[in-house]
Every structure is written in C-alpha cells, then in structure tokens.
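**Student:** build me a model from this:
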Amino acid sequence: THNYVSRKSVIDGAKHVEIKGRSIIKDGVVVRGDLGVVRIGRYCVIERGTLLEPPPHPYDKSKYVPLVVGSHTHIGSKSQINAAAIGSMVWIGDNVKLGKRCIIKDNCVIESGTEIGDGTVVPPFTRISNKKTTTYQELPPSIAVQLQEVSISRFDDFKKLNPQ
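**Tutor:** All right, here's what the predicted structure looks like:
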C-alpha cells in the first residue's frame, strides 16, 4: 500500500496491474494492463509521460508476456518500456526505449537517450550509455545499496511534499 498514482496517469486493465507498495506513478504515465499482466515492485518511481506495455509473445502474437518491474527501480520520463523484466535496483534515464522482451538484470544503470534492442539481456552491475556509440561499463557492488537508499529517500521526500 501507500502507492501514489497520479489522476492524470492512465492504467488500462487495472485488474491486471499489481503495484506492491510505496511506489509513485506520475502524470501522463500509461500502463497497458489490458494487454497483459504488469507487476511493479516496492519503492518504484515512474516519471511523467512513460509507457509501460507488456511485449507480445514471440510465437503467439495474440498473447503477451508479463512485464515485471523489480523493487527500488526508477524509470525516467518519456520512456517506452516493452521489456519482459526489469530487475531490482535499476535506474533508467529519460527518453529510454527498451525493446520487446528485453531483460534488464539487477543493479543496472541505463543512461538517458539509450535504445536497447529486442530480446537483449543486460547483465547485472552494468551501466549502458549511448552518447555517440553504445558503451558498457561494469558497476561496483556498492551500487545496490546506493540505489536502494536513493529510492527510499526519494519516496520520503515525495511524501513530505505531498502530505495527505
């Protein structure tokens, strides 16, 4: 519980959307639960104008693969998410496009403006940036604790600014 879902966001097929708790869904977010199951973990922040859409099944186009977002995950504004799974403690920047059925493992950072192709698997503790060419960088193990602390503090700050 204690989820904050903007009235200006659109959640289609709400009975197929599960939000674990203490998550924030901001204005203009579209969650396509009418296509398939969407699960969002604890302490997640989904910024303005983002689309969360389950990817189509690779063999049966009438079915969709569930979209699972792990806990302590941040998804930046104006991103298009068609991934099968996003792990815990993941930071996704603004204007990111995740292709169909891609999998982002735990403790990853995907910088703003990055496009990840269909079916890509990003290993844990990886930073991906896409300035001129796509670069991959290994992250230290401490990134897990840092991302978790940031997500909890951002939720607490949001709660102080928006008392009920």
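
**Student:** and the residue most central in space within the chain, how far is that from residue 44?
**Tutor:** Nearest residue to the geometric centre of the chain (CA atoms, centre = their mean): residue 75, 4.5 Å. The spacing between residue 75 and residue 44, counted by CB to CB, to the nearest Å, is 7 Å. No exception for glycine: its C-beta is placed from N, CA and C like everyone else's.

**Student:** what touches both of those two?
**Tutor:** Overlap between the neighbourhoods of residue 75 and residue 44 consists of residue 69, taking contacts as CB atoms under 8 Å, 6 or more residues apart in numbering.

**Student:** may I have the least confident helix or strand in the chain by mean pLDDT as CSV, with CA atoms only?
**Tutor:** Taking mean pLDDT, DSSP states H and E as the measure, the chain has strand 134-138 as its least confident helix or strand, at a mean of 85. The C-alpha atoms that make up strand 134-138 are tabulated as CSV, following Å, rounded to 0.1, in the frame of the first residue of the first chain:
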residue,chain,number,x,y,z
THR,A,134,27.0,2.4,-27.1
THR,A,135,29.3,1.8,-24.2
TYR,A,136,29.1,-0.8,-21.4
GLN,A,137,30.7,-0.2,-18.0
GLU,A,138,30.9,-2.5,-15.0
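
**Student:** how about residue 54, nearest residue that isn't a chain neighbour?
**Tutor:** In this structure, residue 54 finds its nearest non-sequential neighbour in residue 36, 3.5 Å apart by CB to CB, 6 or more residues apart in numbering.

**Student:** thought residue 62 was touching that neighbour, still the case?
**Tutor:** No - with contacts defined as CB atoms under 8 Å, residue 36 does not count as touching residue 62, sitting 11.0 Å away.

**Student:** phi, psi for residue 23 please.
**Tutor:** phi -110, psi 160 (degrees, to the nearest 10).

**Student:** that one contacts residue 38, doesn't it?
**Tutor:** No - taking contact to mean CB under 8 Å, the distance of 11.9 Å between residue 23 and residue 38 leaves them out of contact.

**Student:** fine, thanks again, bye for now.
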